[in-house]
Structure formats: C-alpha cells, structure tokens
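>>> After the sequence you'll find the predicted model.
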Amino acid sequence: MALITVAVVAVSLAPMAWANGAANGIANSPHDFSNENWNNTGEICRTCHVPHDHGRDTGLVGLLWNHALPDTTGYVMYSSSSLDGAADTEPTGISKMCLGCHDGTVALDEFDSNVGTPGTTFIGSGDQVPNLPGSPQDLRATHPISIVYDISLDQELNDPDTTQMGASGRTISAFLENGKVQCSSCHDVHDSPTEAVAGTKLLREAQTAGQGGSPSGLCLTCHNK
Ligand code: HEC
Ligand code: HEC
Ligand code: HEC
Ligand code: HEC
C-alpha cells in the first residue's frame, strides 16, 4: 500500500516540475499542496503552520510549526578552513524546518494531527537537498547554513544592515535568522511577489540577465567579490 502511494504521487508531481517561482504569492506556487492527495486537509498553510496546536511536538519551535522535523544528529555540515563565521554543528531554526521535507528522511504527510502515523509520501529526489544519493543528510556540498553572517570576521561580505536584497525593499538582515544565514536567506518559501524572482527556484534575487537581474546577482548581494 505504501509503495502504491509513493508511485502515484511521484507521477503526479512530475508534470509540476516547471512550476518555478511564479512570484504571485503561495497559491499555485511549488509550496501550495492543497491539491495533493497526501494533504488530507485541502488547505495551503496547514502542511507547515497551524493556528492551534494539534499535538505535534513541533509546536514550540516557533512559527506555529505543524510539520515533523528531522533528527538533526546525523548531518554533516559544510566546513572549510577559510570559513570565518561561527556555524552551528547541526541545522537549526528555519533550515531545520525546510529539511523536515527536503532531506527526504521525513515524509511530507507527517503534519498536523496525524501524530504517530508514519507518513508514506516523500519528496522527489530532484527537490531533495542536498542531492547526494544515499546520504540525504550530508550537507558538505551545500552552501553553509545556520552560520553567522559576520562582517567583522569576513570583510568580503557586504553590510547586511544597508545592502538591499533584490526587489524586497528590505536589507539582507531581514532575511537572516538571529544574524544567521538559513535556507530562507536565499529562498522565499511563500513565493511572495516582491521577494521571489519569477522563473527561479524561489530565489530572492535573480541570478541571470534572463531572469531580469545580473549574473550571479544573488551571490553578489552578500559576497563582495
Ligand atoms: C511541507 C514540506 C515542505 C517544507 C516544510 C518545505 N518545502 Fe520546499 N518543497 C516541498 C516540495 C514537496 C517541493 C516540490 C514541489 C513540486 O515539485 O511541485 C518543494 C519545492 C521547493 C523548491 C523548488 C521549487 C521549484 O521551483 O522547483 C525550493 C527551492 C524549496 N522547496 C525550498 C524550500 C525552503 C527554502 C524551505 C524552508 C524555508 C522549504 N522549501 C520548506 C516541500 C516542502
Ligand atoms: C511549505 C511550508 C510552508 C507553507 C505551506 C506556508 N509557510 Fe509560512 N513559513 C514557512 C517557513 C519555513 C517560514 C520561516 C521562513 C520565512 O519566514 O521565510 C514561514 C514563515 C511564516 C510567517 C512569519 C514570517 C513572515 O513571513 O511574516 C508567517 C506569518 C507565515 N509563514 C504565514 C503563512 C501563511 C498564512 C501560509 C498559508 C497561506 C503559509 N505561511 C504557508 C513555511 C511555510
Ligand atoms: C546561498 C544561497 C542558498 C542557500 C543558503 C540555500 N539555497 Fe537552495 N538554491 C540556491 C540556488 C541559487 C538554487 C538554484 C539552483 C542552482 O543554481 O543550483 C537553489 C536550488 C534549490 C532547490 C531546487 C533543487 C536544486 O537542487 O536545484 C531546492 C529544493 C533548494 N535549493 C532548497 C534549499 C534548502 C532546503 C536550503 C537549506 C538547507 C537551501 N536551499 C539553501 C541557493 C541557496
Ligand atoms: C544571504 C547572504 C548570502 C548569499 C545570498 C550567498 N552567500 Fe555565500 N556565504 C554567506 C556567508 C555569511 C558565508 C560564510 C562566510 C564566512 O563566515 O566565512 C558564505 C560562505 C560561502 C562560501 C564558503 C566560503 C569558505 O570560506 O568556505 C562560498 C564558496 C560561497 N558562500 C559562495 C556563494 C555563492 C556561489 C552564492 C550564490 C549562489 C552565495 N554564496 C550566496 C552569505 C551568502
């Protein structure tokens, strides 16, 4: 039964691969799961947030979080001798929330009141991060996350308090969590009109002229290279 469900969902997700950030808000964006058969509520927000706790043990991490979180003890974080900012030893905060679906270890349908019911539908391998076959929690090939953005240590970073992030009308600091880079520093999970660039992987700033920006515009927002 579990295998059948996985197969059906894999097929139903495939035609949506084109559905990059539409920059129109979350409805009809890649994170609108209201029509997925694994979402028994038919709502949009509920796969991630709930107004009143339904017994998930994630309610206290903030943001009224309503989805199961991964066991973070198994991750291998990015590391290098030239890294200056302090990085957490495992994914924290918002990144941990994203990885609760995106590392492929936790089922998509483990949300809301289905506590204790093992989920059966997992994210497709193309949307899994990092896409290292056989090692879903190996983050060594992913841009550092859960790391402090510290311009006093790394002088090749732009000032987050004064540098604008894309067309958001806000500075880089608005997209750091307690001063740290997280998945949400680069991606807008809600794909809102002023923040995610249409036609990208929900990026907060374009990476090419074709996307309406400049080459590597997202990288150069933070990195003064
Ligand atoms: C409830 C599970 C869930 C959570 C939580 C979640 N995602 Fe996703 N995300 C998905 C699924 C499933 C897809 C694939 C959707 C598709 O193929 O249509 C996806 C797709 C994406 C994509 C690719 C979009 C595209 O255009 O192909 C990006 C980027 C992304 N998510 C980033 C994030 C980030 C960053 C976070 C946290 C801030 C996050 N996601 C949280 C389930 C989730
Ligand atoms: C796929 C998971 C997912 C879905 C679906 C989702 N959110 Fe979120 N939401 C997040 C994550 C992750 C964050 C923290 C990252 C951020 O703020 O960018 C967040 C942050 C928020 C915040 C606080 C920060 C802010 O942007 O103001 C609000 C409010 C919010 N979401 C409301 C909603 C509402 C309302 C819906 C439904 C219309 C919704 N979200 C759907 C994952 C999701
Ligand atoms: C420093 C910016 C940055 C951070 C941090 C970041 N991403 Fe990405 N992500 C990108 C860019 C840029 C792409 C576009 C694809 C590419 O260029 O490889 C992308 C692509 C993706 C995709 C689409 C699938 C793929 O591999 O192309 C997903 C899903 C995704 N990111 C999720 C995440 C999650 C989850 C996190 C946190 C663990 C995260 N990202 C952290 C910049 C970032
Ligand atoms: C939201 C800001 C932000 C964005 C956007 C961003 N970075 Fe970073 N990046 C950082 C921070 C902060 C560090 C950690 C710097 C340090 O402390 O040494 C980092 C580290 C790195 C490192 C590792 C450096 C080392 O010493 O090992 C590389 C390489 C890198 N970024 C490349 C990129 C690329 C390529 C992009 C675009 C896809 C990008 N970054 C986008 C903030 C960002």
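Received, thanks. Predicted model, so just to flag it, every value in this text is computed and none were measured. Ligands and ions are numbered 1, 2, ... in the order given.
>>> Quick check: closest non-adjacent residue to the residue nearest the centre of the chain.
For the chain, the residue nearest the mean C-alpha position is C98 (4.2 Å; CA atoms, centre = their mean). Leaving out its chain neighbours, the residue that sits closest to C98 by CB to CB, 6 or more residues apart in numbering is C183, at 4.4 Å. Quick note: C-beta positions are derived from backbone N, CA and C, even for glycine.
>>> which residues sit in contact with that neighbour?
With contacts taken as CB atoms under 8 Å, 6 or more residues apart in numbering, C183 has the following neighbours: I94, S95, C98, L99, H102, I145.
>>> rewinding a little: I'd guessed the residue nearest to the centre of the chain sits against S184; true?
Yes. With contact defined as CB atoms under 8 Å, C98 counts as touching S184 (7.4 Å).
>>> Out of the contacts of C183, which comes closest to E195?
Proximity of those to E195 (CB to CB) peaks at I94, which lies at 14.4 Å.
>>> Which of the helices or strands spans that closest one?
helix 93-102 (DSSP states H and E).
>>> and that helix, anywhere near ligand 3?
Yes. Legend: contact between helix 93-102 and ligand 3 by CB under 6 Å from any ligand atom is shown at S95, C98, L99, H102.
>>> Assumed S173 was part of a strand.
No. The assignment for S173, made by DSSP: H, G, I helix; E, B strand; the rest coil, is helix rather than a strand.
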